[in-house]
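1. task: produce atomic coordinates for the following.
(2 chains)
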Amino acid sequence: DAGVIQSPRHEVTEMGQEVTLRCKPISGHNSLFWYRQTMMRGLELLIYFNNNVPIDDSGMPEDRFSAKMPNASFSTLKIQPSEPRDSAVYFCASSPGLAASTDTQYFGPGTRLTVL
Amino acid sequence: KQEVTQIPAALSVPEGENLVLNCSFTDSAIYNLQWFRQDPGKGLTSLLLIQSSQREQTSGRLNASLDKSSGRSTLYIAASQPGDSATYLCAVPNSGGSNYKLTFGKGTLLTVNP
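-> Take a look at the predicted model:
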């Protein structure tokens, strides 16, 4: 398997523009996670899907952020409108089952977002 | 709220040295603890996962220990190599129903000098 695939790898945009990040999880994995990593706050969970259903979106910072998972092999994270403070590395991860108590999460390479 | 702390934030050692990375957590009611490695510009790779019932886990030159009662874990790297240079993060899942949610430390940046 190719692992978790994310695109684009780098995104530079101007404040106010819409940004869409994409993720293809590992085939057969039931859980998908979106994380954001910054120097100040480290890694933070934004949203968690299980079987394509959003289970926990409490980490989504504002209404400007939205995420979808229309099928088991694709998810998007959208920011509209983007702001400079959204600049970070965004990771997608997937795991085989439901519980982190037993399942390792497999991370994609991340998308480095810069909002000017 | 679970908090995870990693000390030191950065560590530089000469090749061949044995070293220990530290991780502490505030809520001892954990299911497990994971150690990850992150290379520059890349995602995280899971190194070791220790279940709460275990005291240590080994993989090659890596050995991770867990002391739940004291809220501590260590990652021991034997005979370090330049290829071990990376950021190492530890993470624990929340207790209860939201155990899918991992709380990460901010990591230790390890540099192994040839």
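
2. could you look up the SS state of residue 12?
-> Because you didn't say which chain, this covers chain A. On the three-state scheme (DSSP: H, G, I helix; E, B strand; the rest coil), residue A:12 is labelled strand.

3. got the residue ranges for the helices in chain A?
-> Using DSSP state H, no helices are found in chain A.

4. centre-most residue in it?
-> Chain A has residue A:34 as the residue nearest its centroid, 2.8 Å off, counting by C-alpha atoms, centre = their mean.

5. what about chain A, any weak spots by pLDDT?
-> A:1, A:98-102 (pLDDT under 70).

6. hang on, isn't the residue nearest to the centre of chain A packed against residue A:92?
-> Yes - under the criterion of C-beta atoms under 8 Å, residue A:34 lies in contact with residue A:92, with a separation of 5.8 Å. For glycine as for every other residue, the C-beta is placed from the backbone atoms N, C-alpha and C.

7. find the residues that touch each one of these two.
-> Common contact partners of residue A:34 and residue A:92 (C-beta atoms under 8 Å, 6 or more residues apart in numbering or on different chains): A:23, A:75, A:77.

8. tell me which of those residues fall in strands.
-> By the criterion of DSSP state E, membership of the shared contacts of residue A:34 and residue A:92 in strands covers A:23, A:75, A:77.

9. could you export those as TSV, including distance to chain B and neighbour count?
-> What follows is these, written out as TSV (distance: C-beta to the nearest C-beta, whole Å; neighbours: other C-beta atoms under 10 Å in any protein chain shown):
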residue	distance to chain B	neighbour count
A:23	11	25
A:75	15	25
A:77	15	23
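
10. number of nearby residues for residue 24?
-> With no chain named, the answer covers chain A. Other residues lying near residue A:24 total 19 when counted by other C-beta atoms under 10 Å in any protein chain shown.

11. chain B is the one I meant
-> Neighbours around residue B:24, by other C-beta under 10 Å: 17.

12. and it, that's in a strand?
-> Yes - Residue B:24 forms part of a strand when assessed by three-state DSSP.

13. so what's it up against?
-> Contact partners of residue B:24, counting by C-beta under 8 Å, 6+ apart, are B:4-7, B:71-73.

14. weed out the non-buried ones from the residues you listed.
-> Buried members of these, scored by 16 or more other C-beta atoms under 10 Å in any protein chain shown, are B:4, B:6, B:71-73.

15. ok, now how distant is the nearest residue to residue B:7 once chain neighbours are set aside from residue A:109?
-> Of all residues not flanking residue B:7 in the chain, residue B:22 sits nearest, at 5.1 Å (C-beta to C-beta, 6 or more residues apart in numbering or on different chains). Distance, residue B:22 to residue A:109, by C-beta to C-beta, to the nearest Å: 28 Å.

16. who has more neighbours out of these two?
-> Set side by side, residue B:22 and residue A:109 show more neighbours around residue A:109, with 19 against 15, by other C-beta under 10 Å.

17. neighbours around the spatially closest residue to the more buried one that is not a sequence neighbour, how many?
-> Among residues not flanking residue A:109 along the chain, residue B:43 sits closest, at 4.9 Å (C-beta to C-beta, 6+ apart). Using other C-beta under 10 Å, residue B:43 is surrounded by 22 other residues.

18. so residue B:43 sits against residue A:91, correct?
-> Yes - counting by C-beta under 8 Å, residue B:43 does reach residue A:91; the two are 5.7 Å apart.

19. name the residues contacting each of the two.
-> A:107-108, A:110.

20. between these, which is closest to chain B?
-> Taking C-beta to the nearest C-beta as the measure, residue A:107 is the one of these closest to chain B, at 3.5 Å.
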